[in-house]
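Participant: Pasting the sequence and the predicted model now:
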Amino acid sequence: MDKKISLAGLYSAYKRWVINNPGAATDVETVATWSSYFSL
């Protein structure tokens, strides 16, 4: 799997999710969950 493509896909999915869930992005649990994806 090409890492660049998967990271780009994750990022666009994250942006879509934030747009659909304003305010949820500041939730500590949510940030921790997304951070674990990006720190892989």
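Facilitator: Perfect, thanks for sending it. Residues are numbered from 1 along each chain as shown.
Participant: give me the element the residue nearest the centre of the chain is part of.
Facilitator: Closest residue to the average C-alpha location of the chain: Tyr14 at 3.7 Å, with C-alpha atoms, centre = their mean. Here Tyr14 sits within helix 3-20, counting by DSSP states H and E.
Participant: Direction-wise, compare the helix or strand hosting Val31 with helix 3-20 and give the angle.
Facilitator: Per DSSP H and E, Val31 falls inside helix 28-38. Relative orientation of helix 28-38 versus helix 3-20 (axes from the mean of the first three to the mean of the last three C-alpha atoms, to 10 degrees): 160 degrees.
Participant: Could you pull up the mean pLDDT of helix 28-38?
Facilitator: Helix 28-38 shows a mean pLDDT of 76.
Participant: I'd like to know which elements it is packed against.
Facilitator: helix 3-20 (3 or more C-beta pairs under 8 Å, 6 or more residues apart in numbering; DSSP states H and E). In this view, the C-beta of every residue, glycine as well, is placed from N, C-alpha and C.
Participant: helices or strands next to the helix it packs on in the packing?
Facilitator: helix 28-38.
Participant: And the helix it packs on, how far out from the chain middle?
Facilitator: 7 Å (C-alpha atoms, centre = their mean, to the nearest Å).
Participant: ditto for stretch 23-40
Facilitator: With C-alpha atoms, centre = their mean, you get 7 Å for stretch 23-40.
Participant: Identify the residues contacting that stretch?
Facilitator: With C-beta atoms under 8 Å, 6 or more residues apart in numbering as the test, stretch 23-40 has contacts from Leu10, Tyr14, Val18.
Participant: coming back round to it: excluding its backbone neighbours, what's nearest the residue nearest to the centre of the chain?
Facilitator: Once flanking residues are discounted, Tyr14 sits nearest to Trp34: 6.2 Å by C-beta to C-beta, 6 or more residues apart in numbering.
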